[in-house]
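> I'll drop the sequence and a predicted model, then ask my questions.
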Amino acid sequence: MPQIAATWAQLLWCNTWQGCCLAAIVWLCCRAWPAMPARGRAWLWWIVAAKFLTGLSPFNVPLPILPALAAHDAPVGALAVAGDVWHADILPVLMIVWLVGVLASVYRTAKSWHAADALRRSATHSQQAGVLADCHRLCFYLGIEQCPELLESDDLVNPLLTGVSRPAIILPAAMEGECAIPELRMILAHELAHLKRRDLVLGWVPAIAQIVNWYNPLVALASREWAVAQEISCDELAVEVTASTSADFGRMVLSMSLPSHSTAPSHGAGLGLDPVRSQARSFSVGMTGIVMGGPHEMLKRRLCALRYAGSRRGPVGWISNRALITLLAIAVIPWHPIPVSDAVNTVTAIETQVSSVESGVQHSWKIMHARCVGQVYARIHNM
């Protein structure tokens, strides 16, 4: 048990500080480049969430970046014994506390998932021919091969997209009479944009990262920023597909955030206006999580971003964005720092093994050559 706890503590510590460093780098990049495309910003925060998962892998790359340790730097005598005793006492307790937190997070996730599944099973198929036609038309424009199910529910006040293997869009039953046709088209385009960009599948990474790293507020920050960025990205795509103006789309979003649209219980992901619903969509089929700042901050950021919808594209920005994502994606590879002296010893040992192998190969080659020459001479002598 102490050995398992020590291995767990080492992996968790490396995962935590490396993920926090990457989160700080991404935050600085987003602050230094306010006009970064929303899709690129979403990928950066998704990479941060992925780092908080890959860092727990026992298979990592050693990097010799630590200074060499001198003999007098290592703890000896009573100090080393005291350190071992302290680790043996406290690490198993900490590991149990971590496991309890993980199980509690899994329970909350499963409960939310069950609520979303129950909401879908209680929903009925939409009979609105105009809405169905708009949905199929938007799927054609977005390149979505299979149109999702279109359902209605009386227990919902905001639309939601749910289901990874069998996606479905659930609309409030009263929305047909409350919203005009252009507004319904923009709502469908927004939900289909999430399906087009596979946000339901990608959302598993932030979800699992928050479950495993439930104690780390930076993981919640990365998940929140990813959710906001992908909402803004889908807003921009919906504006483009429906050929609507940013002002019209903003009015639609504001109408969905009115008090009359925020009093019903939340069982899934709406338009990203409720903290639980927005996380539910981000984490696939109703998984809940921690959202800092609340729905008002998300609404404000989305409305501000609509001012730049369609104006952030360009070859320079596209290339810079892809280059930044590629560089930071390399950081997802699990690694751990080692002293330079260990790396030198490792390289020396490898060189020694290679030399021994080369010597063995040369010796075997000489033996084979001697045997071949002997056989040739024997045949010539027999002739």
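Thanks, I have it. Numbers count the residues shown, from 1 in each chain.
> where does the stretch 101-250 of the chain dip in pLDDT?
Per-residue confidence for the stretch 101-250 of the chain (pLDDT under 70) gives these ranges: 176-177.
> any idea where the helices of it begin and end?
Remark: helices assigned in the stretch 101-250 of the chain by DSSP state H, counting those that start in this stretch are 129-142, 175-178, 181-196, 199-202, 204-212, 217-242, 246-256.
> ranges for the strands of this protein?
Taking DSSP state E to define them, one finds strands in the chain at 61-66, 124-125, 149-153, 160-162, 168-172, 335-339.
> just name the most buried of those strands.
Sort the strands of the chain by mean neighbour count, taking mean count of other CB atoms under 10 Å, and strand 160-162 sits at the top with a mean of 28. (Each C-beta comes from the backbone N, C-alpha and C, glycine too.)
> ok, that strand: who's next to it in the sheet?
Paired neighbours of strand 160-162 in the sheet (DSSP bridges): strand 168-172 (antiparallel).
> out of the helices of the stretch 101-250 of the chain, which comes closest to Ala329?
helix 204-212 (12.8 Å; CB to CB).
> return the closest one as PDB; C-alpha atoms alone will do.
In PDB, the C-alpha atoms belonging to helix 204-212 read as follows (Å, rounded to 0.1, in the frame of the first residue of the first chain):
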ATOM      1  CA  TRP A 204     -15.800  13.900 -22.500                       C
ATOM      2  CA  VAL A 205     -12.200  15.100 -22.000                       C
ATOM      3  CA  PRO A 206     -13.100  18.100 -19.900                       C
ATOM      4  CA  ALA A 207     -15.700  16.000 -18.100                       C
ATOM      5  CA  ILE A 208     -13.200  13.200 -17.100                       C
ATOM      6  CA  ALA A 209     -10.500  15.800 -16.300                       C
ATOM      7  CA  GLN A 210     -12.800  17.400 -13.800                       C
ATOM      8  CA  ILE A 211     -13.700  14.100 -12.200                       C
ATOM      9  CA  VAL A 212     -10.100  13.000 -11.800                       C
END
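> and the angle from it to helix 217-242?
160 degrees (axes from the mean of the first three to the mean of the last three CA atoms, to 10 degrees).
> which helices and strands sit right next to helix 204-212?
helix 38-54, helix 77-122, helix 217-242 (3 or more CB pairs under 8 Å, 6 or more residues apart in numbering; DSSP states H and E).
> 10 Å - rerun?
helix 2-32, helix 38-54, helix 77-122, helix 217-242, helix 275-282 (3 or more CB pairs under 10 Å, 6 or more residues apart in numbering; DSSP states H and E).
> list the buried residues in the first one.
Which is helix 2-32. Within helix 2-32, the residues that count as buried by 16 or more other CB atoms under 10 Å are 5-6, 8-9, 11-12, 14-16, 18-20, 22-23, 26-27, 30.
> swap in the fourth one?
Neighbour counts over helix 217-242 (16+ other CB under 10 Å) mark 218-239, 241-242 as buried.
> and the nearest residue to Glu225 once chain neighbours are set aside, what pLDDT?
Leaving aside its chain neighbours, Glu225 sits nearest to Trp45 (4.4 Å; criterion: CB to CB, 6 or more residues apart in numbering). pLDDT, Trp45: 94.
> quick one: Trp45 and Ala229 touch, right?
Yes - taking contacts as CB atoms under 10 Å, Trp45 lies within contact range of Ala229: 6.2 Å.
> which residues do those two both contact?
Cys30 (CB atoms under 10 Å, 6 or more residues apart in numbering).
> quick check: Ser112 vs Val106, distance?
11 Å (CB to CB, to the nearest Å).
> between the two, who's got more neighbours?
Just comparing Ser112 and Val106: by other CB atoms under 10 Å the higher neighbour count belongs to Ser112, 22 against 14.
> and the gap between that one and Leu28?
Distance from Ser112 to Leu28, by CB to CB: 33 Å.
> likewise Ala247?
With CB to CB as the criterion, Ala247 and Leu28 are 33 Å apart.
> can you check Val93 too?
In terms of CB to CB, Val93 sits 36 Å off from Leu28.
> so Gly101 sits right up against Leu12, yeah?
No - the pair Gly101 / Leu12 is not scored as a contact, 11.9 Å apart, by CB under 10 Å.
> now do stretch 28-47: distance from first to last residue.
For stretch 28-47, the first-to-last residue distance is 15 Å (CA to CA, to the nearest Å).
> what are the buried residues along that stretch?
Residues 30, 36-47 are the ones in stretch 28-47 that count as buried (16+ other CB under 10 Å).
> distance of Lys111 from Asp117?
Distance, Lys111 to Asp117, by CB to CB: 11 Å.
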